[in-house]
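A.B. asks: Got a predicted model here, sequence first, then my questions.
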Amino acid sequence: MKKVVLINGSPRHEERTASAGFLTHVEAILKDGEYEKQLVNVCKSLKNGPDADYAKLLEADAIVLAFPLYYFCLPGLLTRFLEDYEKYLREHGEQKKHAKVYAIVNCGFPEPEINEEAVRVIGCFSHHIGARFRFGVMIGGGPMISEIEGAGPTKKAYEKLEAAIRMMDSDIRSEVVEAPQNVPIQPSFPRRLYLFMGGMGWKRQAKKNGIKKADLYRRPYQKVE
């Protein structure tokens, strides 16, 4: 039975997040009789002490990381978690031979290719610890896809996501050396309308937090009259 560790790298551990939802699909498609699945929440792990979770990663046959794009790369907490894991390996042994690594990265922008740099970072991390990076699932419009799951403009996106997870399932069990290509996914939705709705969302959040529309356009550290 293959040991798979599913890592939720979202900093918002107390909320329903897109990353958690995507991992739910991974968990459902990887069949119980064929996999021993363990879920790691990075936020909780760092708070409570990550050594127990690092021990799981050390013995994993496959590692699946799901996280949102923050400033065009990994969230800071996930970066720290992975850096500390590399230090843990130096003290507790080597990564299980031929362990495979996969990334599911989602961003608020509609273009999935914006996630490429974050996927590349996970690839570099995998090489650094002696694991084998296989491919990334790059999801554009992640929050939207998560909120209206499988309906209207997200139906095809979810079909593609599930196909990518099945490819992951097959790849974990395969001995093929050549890695598959990254999988880009985006909602079937007009870009202009998507950006307009996103802008409206920011304004609603600003009003809710007592911030005026003009405040959203202020420069950092600009003197307020």
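C.D. replies: Yes, it's here.
A.B. asks: From now on I want contacts and neighbour counts done on CA atoms only, so please keep to that.
C.D. replies: OK.
A.B. asks: Quick one: low-confidence residue ranges for this protein.
C.D. replies: 14, 144, 147-153, 188-206, 220-225 (pLDDT under 70).
A.B. asks: what about 90?
C.D. replies: Across the chain, the ranges flagged by pLDDT under 90 are 1, 12-17, 71-72, 92-98, 108-110, 141-158, 186-225.
A.B. asks: Using the record's assignment, carve it into domains.
C.D. replies: 2-189, 190-225 (automatic domain parsing).
A.B. asks: can I get these in CSV with mean neighbour count?
C.D. replies: Shown next, in CSV, are the domains of the chain (neighbours: other Cα atoms under 10 Å):
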stretch, mean neighbour count
domain 2-189, 18
domain 190-225, 11
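A.B. asks: and the helix or strand that residue 63 is a member of, which strands flank it?
C.D. replies: If you go by DSSP states H and E, residue 63 is part of strand 62-68. According to DSSP bridges, strand 62-68 has the following sheet partners: strand 2-8 (parallel), strand 100-107 (parallel).
A.B. asks: could those go into JSON lines alongside distance to residue 176?
C.D. replies: Output for these, formatted as JSON lines (distance: least, Cα to Cα, whole Å):
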{"stretch": "strand 2-8", "distance to residue 176": "16"}
{"stretch": "strand 100-107", "distance to residue 176": "12"}
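A.B. asks: so which of those gets nearest residue 55?
C.D. replies: Across the strands paired with strand 62-68, the minimum distance to residue 55, taken as Cα to Cα, is reached by strand 2-8, at 10.7 Å.
A.B. asks: Would you check how far apart residue 122 and residue 214 are?
C.D. replies: According to Cα to Cα, to the nearest Å, residue 122 and residue 214 sit 38 Å apart.
A.B. asks: Find the nearest non-adjacent residue to residue 180, please.
C.D. replies: residue 135 (6.0 Å; Cα to Cα, 6 or more residues apart in numbering).
A.B. asks: Bridge partners for the one you found, pull those for me.
C.D. replies: residue 102.
A.B. asks: pretty sure it contacts residue 179?
C.D. replies: Yes: counting by Cα atoms under 8 Å, residue 135 does reach residue 179; the two are 6.7 Å apart.
A.B. asks: re earlier: so how far is the very next helix or strand once past the strand holding residue 63 from its chain's centroid?
C.D. replies: Next in sequence after strand 62-68, counting helices and strands by DSSP H and E, comes helix 76-92. Chain-centre distance of helix 76-92: 17 Å, with Cα atoms, centre = their mean, to the nearest Å.
A.B. asks: Tell me which other helices or strands helix 76-92 touches.
C.D. replies: helix 42-48, helix 51-58, helix 116-129 (3 or more Cα pairs under 8 Å, 6 or more residues apart in numbering; DSSP states H and E).
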